Every structure is written in C-alpha cells, then in structure tokens.
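> Give me a model of this one.
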Amino acid sequence: MASLSNRKLLLIVTGGIAAYKTPELVRRLRDLGTEVRVVMTQGAKAFITPLTLQAVSGHPVHDDLLDPAAEAAMGHIELARWADLIVVAPASASSLARLAHGFADDLFSTLCLATDAPIALVPAMNRLMWSAPATQRNIELLRGDGKLIWGPAEGSQACGEVGAGRMLEPNQILERVQAFFNNTTSIHENGHSIQATGVLHGRSVVITAGPTREAIDPVRYLSNYSSGKMGFALAAAAVKAGASVTLVAGPCQLATPAHVTRVDVVSALDMQQAVSEHIAHCDIFIGCAAVADFRPVQVAQQKMKKQQDHDHMAIELVKNPDILAWVATQSPTPFTVGFAAETNEVAKYARDKLERKGIQLIVANDVSDATIGFNSDNNAVTVYWPEGEKAFATSTKESLAENLVTLIAEHYKNFKKQ
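Sure, this is the predicted structure:
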C-alpha cells in the first residue's frame, strides 16, 4: 500500500460493537505515515476504552465538548480545522440521524458542523436498523450534503442475524482512505489549502462487466466472447475520478483494479441478485456486461450423454431478466448507462435500446470489427443520448474508459434522481 505520510485524519468512534475494530485501523493508518487523532462519543466508551485508542494513536483521546483541559491543549474548533479527512467509524444509526439533522450538542456533532474537511461515514448497525426508512432518509440527506458513505458490508452480525449493516473491515476502510487521497490533490488558493477532487468525487458507482454463463449441465454452458476488459477499465477510471466503485464481474480472468470492490458472479440471475444488493445507494450504474439473453429452462443434474442414434438435440430456453431495464425502474433511480455491442446498423439499434430501456446514455460499438471487438485491447464507440451523440475514435480501452467517465460525469451533473 502507498504511503499516507503527512496526512491528518480525525477518527470519530461512535457507540457500536464494531468499535473493537478501530484500534487495528488506527495502527495501520499510522504504519503508513498518517497522523491520527481520535474522538469518542460517550456510547463508544461502553465498547472500548479511551486508553486503548490513546495507546495506538499516540495522542490523548478527545471525548468531551466542554473539557477545559482538552480545550487548552487543542480546542474543538482547532481540531475541526486540523483534519484533512474525518472518518466516523463505526457510524451508528443514532449518529447518522444526529449528523443529518445538524445537532451540535456534543463533541462529535459539533466537530462535524465546524469543519470544512471531507467527512466519510462508515455505517455499522443491525440489518433492520440499516434498512429502516428513517435511516435511509438520513443517508440520502447526508449524501446530498456531500458526505462520503463507505459501506456497509453484508454478513453475520453481532446480534446473530445476517444481512447488510456490518462495518467494513479495517483493511477495506484503509483502502478507501488511500483511494480518497490518491484522487485528491492539495492546492493553494488565496493562501488557504483546499482540495481539488476528481469529477466523480464522493459518488458511488456500480459497474457490471464480462460475460455470464448459463449452465446446461455440470460441464457445459451457454456464454459469449466478452472478456470484461472494457468494464474493468471503466472501474479503474471511475476510481481515478474519485468514485467508490463496486464491480460485479462475470467469469473472466482479469486482475481487480486497485480500490475496487469486486463481486464475482456466474449467471445472469447471479448478476441480477448482486446488482440488487448494491444498487440502493448507487449514484451511477454502468451496465457493461454481456448478459446472456436466454438460459436453459432445465439444467441437467448429471452430464448429458451423447445419444448414438440421435443427430440432433433440442434445448428449451427461457428469457433472462433485463438487468439494465430493471435498474432504470428503481426508486431512487441511478444515472444509468448501457452498452450495445452490435454487428450491423449500430446507430439504429443503439438508439432503440436507449429509448426502450429508459436509460440516460448508451455506448455502442461494432463487434464485427475484430480489431475493436470482444477480447481486443482497443475499442471505438459512439455514445448516444436523447438529444445528441459523441464518437470516440479507436484507442486503448483504458484511455477510452477515462474519456467515457468524463462524459458520464458531465451528464450526471444535470441528472435528477426520480
């Protein structure tokens, strides 16, 4: 991992069992050169002692808004101005509500109101608390205020239930801290240090990539020639632009881009399930995967044997779900981008797909051209939207991905979620 030398990070720990993970996070941040100061709420001290976090951070822990000794050493306003980044981990449901509605009656809430530093929230709570309408309303308010939302993850919870609500692991939070600083450049304006960020800074992006495989029996399947290279290049470009990226990947042998959360799937149904689990708080969805249109009605449980007296075999197929069109019907609706891999009349079929699926942009290419088709390292596309289009000449998929992300960001600025 790259150094975070000379970065100043303020970690705010709120009340939740996931607080036990924070000493490891602090230790790893310091290993990479970050100066860390810690604030604890009164609830947090029920789960972990201030002495522990003082020991790993090397600084006294702040926990009282009106502590004269603490104010003499570093007042809360100075502490708010000191940080390059504030991370709230774990961020409990209560802390999210207080922050969303502008409370300022303890050290945590006052610091978050008194700072101009970016604030990243790392939620941790029971799955039902996370999915509660009130929590989701607060999350949307916080997103609208420019807060970064990192997580939550899914899995087993301290209460014994399984679902969304787990705090990200320390290494995952560390990766997001690094991605944030890697995509943020410190500049000076009128004598003040400010942050210039990428065109998708703070946005959450879900991308699908690669083919799907639709099983016929345990050893055979239906699929296509998609390599996943374009989708993986888009994921890397979106991270470079400052986004938090989840990549839902069909079967392909490609390395996961740095700072990308990868979810591996096999079939179209698997892909739809994975997308449904990550789409709720997605700002931008890019459907780059080559999803099989059909799958066998029945999958044989044993290998199908060749019948010596039969020269033909029929396999009945059923239509797969249209993941792109389904995403475009969700509420709130993410800015939705599709891909159209065509072999003829590219513009006609792309515009038809754009209108039919109710999406904002569609990226079309001619896969009959072997130099830019499936498995090639290069591509050339035309992007269509209701009022216009823009062509991109042949280039590497990495270069094209960066241009596409810039165009997507430009259109996203004027998009209103429904």
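> all helices of this structure, in order?
Under the criterion DSSP state H, the chain contains helices at 22-31, 50-57, 68-74, 76-82, 93-100, 107-113, 127-131, 133-144, 170-182, 229-240, 268-278, 323-327, 346-357, 397-412.
> Poorly predicted segments of the stretch 1-150 of the chain, please.
Residues of the stretch 1-150 of the chain meeting the criterion pLDDT under 70: 1-3, 66-76.
> Mean neighbour count and distance to N379 added to the helices of the chain, as TSV?
Every residue, glycine included, has its C-beta placed from N, CA and C. Formatted as TSV, those follow (neighbours: other CB atoms under 10 Å; distance: least, CB to CB, whole Å):
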stretch	mean neighbour count	distance to N379
helix 22-31	20	38
helix 50-57	17	47
helix 68-74	12	53
helix 76-82	16	46
helix 93-100	22	41
helix 107-113	21	43
helix 127-131	17	39
helix 133-144	15	32
helix 170-182	19	25
helix 229-240	27	6
helix 268-278	19	22
helix 323-327	21	19
helix 346-357	16	13
helix 397-412	20	5
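> could I get these as CSV with distance to A314?
Shown next, in CSV, are the helices of the chain (distance: least, CB to CB, whole Å):
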stretch, distance to A314
helix 22-31, 57
helix 50-57, 65
helix 68-74, 76
helix 76-82, 70
helix 93-100, 54
helix 107-113, 63
helix 127-131, 44
helix 133-144, 47
helix 170-182, 48
helix 229-240, 33
helix 268-278, 21
helix 323-327, 27
helix 346-357, 29
helix 397-412, 38
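> Which one of these lies nearest to G287?
With CB to CB, the closest approach to G287 among the helices of the chain belongs to helix 323-327: 4.2 Å.
> The closest one packs against which elements?
The elements that helix 323-327 packs onto, with contact taken as 3 or more CB pairs under 8 Å, 6 or more residues apart in numbering; DSSP states H and E, are helix 268-278, strand 284-287, strand 335-342, helix 346-357.
> and that helix, how far from the chain's centre?
With CA atoms, centre = their mean, to the nearest Å as the basis, helix 323-327 stands 18 Å off its chain's centre.
> So for it, mean pLDDT?
Average pLDDT, helix 323-327: 95.
> picking that back up, and the helices and strands packed on helix 323-327: which comes nearest E154?
Taking CB to CB, helix 268-278 is the member of the helices and strands packed on helix 323-327 nearest to E154, at 6.8 Å.
> Put the alpha carbons of that closest one into CSV.
The C-alpha coordinates for helix 268-278 follow below in CSV (Å, rounded to 0.1, in the frame of the first residue of the first chain):
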residue,chain,number,x,y,z
ALA,A,268,-27.5,-13.7,-15.3
LEU,A,269,-29.6,-14.5,-12.3
ASP,A,270,-26.5,-14.3,-10.1
MET,A,271,-25.6,-10.9,-11.6
GLN,A,272,-29.1,-9.5,-11.1
GLN,A,273,-29.0,-10.6,-7.4
ALA,A,274,-25.6,-9.0,-6.9
VAL,A,275,-26.7,-5.8,-8.6
SER,A,276,-29.9,-5.7,-6.4
GLU,A,277,-27.8,-5.9,-3.3
HIS,A,278,-25.7,-2.9,-4.2
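> and that helix, how far from the chain's centre?
A distance of 15 Å separates the centroid of the chain from that of helix 268-278, by CA atoms, centre = their mean.
> same question, stretch 56-66
With CA atoms, centre = their mean, you get 31 Å for stretch 56-66.
> got the CA coordinates for that stretch in PDB?
Output of stretch 56-66 as PDB, limited to C-alpha atoms (Å, rounded to 0.1, in the frame of the first residue of the first chain):
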ATOM      1  CA  VAL A  56      -2.300   3.100  19.400                       C
ATOM      2  CA  SER A  57      -2.800   6.700  18.200                       C
ATOM      3  CA  GLY A  58      -0.100   8.300  20.300                       C
ATOM      4  CA  HIS A  59      -2.400  11.200  21.300                       C
ATOM      5  CA  PRO A  60      -4.900  11.800  24.100                       C
ATOM      6  CA  VAL A  61      -8.500  10.900  23.100                       C
ATOM      7  CA  HIS A  62     -11.000  13.700  22.900                       C
ATOM      8  CA  ASP A  63     -14.400  12.900  24.400                       C
ATOM      9  CA  ASP A  64     -15.900  16.000  25.900                       C
ATOM     10  CA  LEU A  65     -17.100  19.200  24.300                       C
ATOM     11  CA  LEU A  66     -16.700  21.200  27.400                       C
END
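> in it, what counts as buried?
Within stretch 56-66, the residues scored as buried using 16 or more other CB atoms under 10 Å are V56, S57, V61, H62, D63, L65.
> out of those, which one sits closest to F374?
Closest approach to F374 among these (CB to CB): V56, at 49.7 Å.
> gap between the nearest residue to E161 once chain neighbours are set aside and Q136?
Leaving aside its chain neighbours, E161 sits nearest to R127 (5.6 Å; criterion: CB to CB, 6 or more residues apart in numbering). R127 sits 13 Å away from Q136, taking CB to CB, to the nearest Å as the criterion.
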